[in-house]
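Visitor: Sequence first, then the predicted structure:
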Amino acid sequence: MDCMDLILVRYAEMGLKSQAVRRRFERILVDNMMSNLADAGLEALITTEQGRIFVEPQDIDQAVQVLKRVMGVASLSPVLRCRSDMETMKRVAGEYSKLLYHRGQSFAVRARRAGEHSFTSNEVGKEVGSAVWVANEDKGPKVDLKTPDLEIFVEVRERNAYIFSVYVPGPGGLPMGSQGRVVALLERDRDALAAWLIMKRGCRIIAIADEENEAVRILRRWDADLKVVASGDLAEVSKKNRALAVVFGYGLDDFEKIKSIDIPVPAFFPLVGMSEEEIEERLSAIKR
């Protein structure tokens, strides 16, 4: 048991939508995940189940690096999948913990459950916690339910259980393509951040920029299918691509430029309320 066998992907904001809208957004999200994985040369099988998405890729580590940059993904975890009977969960969790546990560490087991079972979440936590203790008894294990050195999570869903130890954060938001198109004028790196914030709200970006622009390279890490237009009038590009708005990376220091904008669609300025320090910090984060 030296590797995880699939990735559990979670979304948050999409879960607040109606059932019909959620299903549509799920389809868009899965398509975007497949597109980004294909762009990275990775094959994967993706299935959905009751608010969760499961990805079985050929390379877990590479797939995690790709999927954590897909808009709409709240978090993801490489997981071990096993049957959801208590004895199997105890055995698998105990074996798994041996790979992670170091002498003198404290640990906690966090369990949650969805569906009908003959046990409660608390019982899973207690039984699996005991199995982890026994499996590492020679290392002097300690239980700490508040601030443990190691957390092992058990998510029980119908016939299967998923065991893991890490949550990898994603960008959250809505899947790109669920909210229409927006044109972005990419002249500086900070313009990429403005476009990224609109992408996070579910919009596809049509970038006006040189293909070799650093801002374009930043956004391609988040959208493998980013459309780039070498040049053109903002109004014409917006009309041709049926864009709903144009987004700029202008701040308060660019007030004169903001006043001079004259286009027939709404203009967004998501960086206006940010300080230079915040812009640099958030820009640095999306470059990683």
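Guide: Noted; the coordinates are in hand. Residues are numbered from 1 along each chain as shown.

Visitor: Off-centre distance for stretch 235-251?
Guide: From the chain centre to the centre of stretch 235-251 is a distance of 26 Å (C-alpha atoms, centre = their mean, to the nearest Å).

Visitor: what sits up against that stretch?
Guide: Contact with stretch 235-251 is made by 180-188, 190-195, 197-198, 203, 205-206, 208, 227, 229, 234, 257-258, 261, 263-272, 274, 276, 279, as judged by C-beta atoms under 8 Å, 6 or more residues apart in numbering. To be clear about C-beta, it is placed using only N, CA and C from the backbone, and glycine gets the same treatment.

Visitor: likewise stretch 198-209?
Guide: For stretch 198-209, the external contacting residues (C-beta under 8 Å, 6+ apart) are 71-72, 171-187, 195, 215-216, 219, 222-223, 226-232, 234, 237, 241, 243-244, 247, 268, 270.

Visitor: before we move on, the earlier item: can you go through the contacts of stretch 235-251 and name the buried ones?
Guide: Listed as buried from these are 181-186, 190-195, 197-198, 203, 205-206, 208, 234, 267-272, 274, 279; burial here means 16 or more other C-beta atoms under 10 Å.

Visitor: Looking at the residues you listed, which are in helices?
Guide: 190-195, 197-198, 234, 279 (DSSP state H).

Visitor: Not counting sequence-adjacent ones, nearest residue to R282?
Guide: Leaving aside its sequence neighbours, R282 sits nearest to L193 (C-beta to C-beta, 6 or more residues apart in numbering; 5.8 Å).

Visitor: Return the residues in contact with that neighbour.
Guide: With C-beta under 8 Å, 6+ apart, L193 has these contacts: 249, 270-271, 279, 282-283, 286.

Visitor: Tell me which of the contacts of stretch 198-209 fall in strands.
Guide: 181-185, 227-229, 247, 268 (DSSP state E).

Visitor: farthest-separated two in these?
Guide: V228 and F268 (19.0 Å; C-beta to C-beta).

Visitor: Could you check stretch 95-114 and say which residues are buried?
Guide: 96-97, 100-101, 105, 107-111, 113.

Visitor: Equivalent analysis for stretch 74-85, please.
Guide: Buried-residue list, stretch 74-85, by 16+ other C-beta under 10 Å: 74-82, 84.

Visitor: circling back: now the two most distant members of the ones in helices among the buried ones among the contacts of stretch 235-251.
Guide: Farthest pair in those, by C-beta to C-beta: L234 and I279, 22.4 Å.

Visitor: Take the contacts of L193 and write them to CSV, including distance to M14 and pLDDT.
Guide: Converted to CSV, those look like this (distance: C-beta to C-beta, whole Å; pLDDT from 0 to 100):
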residue, distance to M14, pLDDT
G249, 27, 94
P270, 21, 96
L271, 26, 95
I279, 28, 94
R282, 23, 95
L283, 26, 95
I286, 21, 95
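
Visitor: And these, which is closest to N36?
Guide: Out of the contacts of L193, the member with the shortest distance to N36 (by C-beta to C-beta) is I286, at 14.9 Å.

Visitor: From the chain's centroid, how far away is whichever strand or helix holds that closest one?
Guide: Per DSSP states H and E: I286 is located in helix 276-287. Centroid displacement of helix 276-287 relative to its chain, using C-alpha atoms, centre = their mean, is 18 Å.

Visitor: And the contacts of it?
Guide: So helix 276-287 is contacted by 189-190, 192-193, 196, 218, 221-222, 251, 271, 274 (C-beta under 8 Å, 6+ apart).

Visitor: Right, I'll call it a day here.
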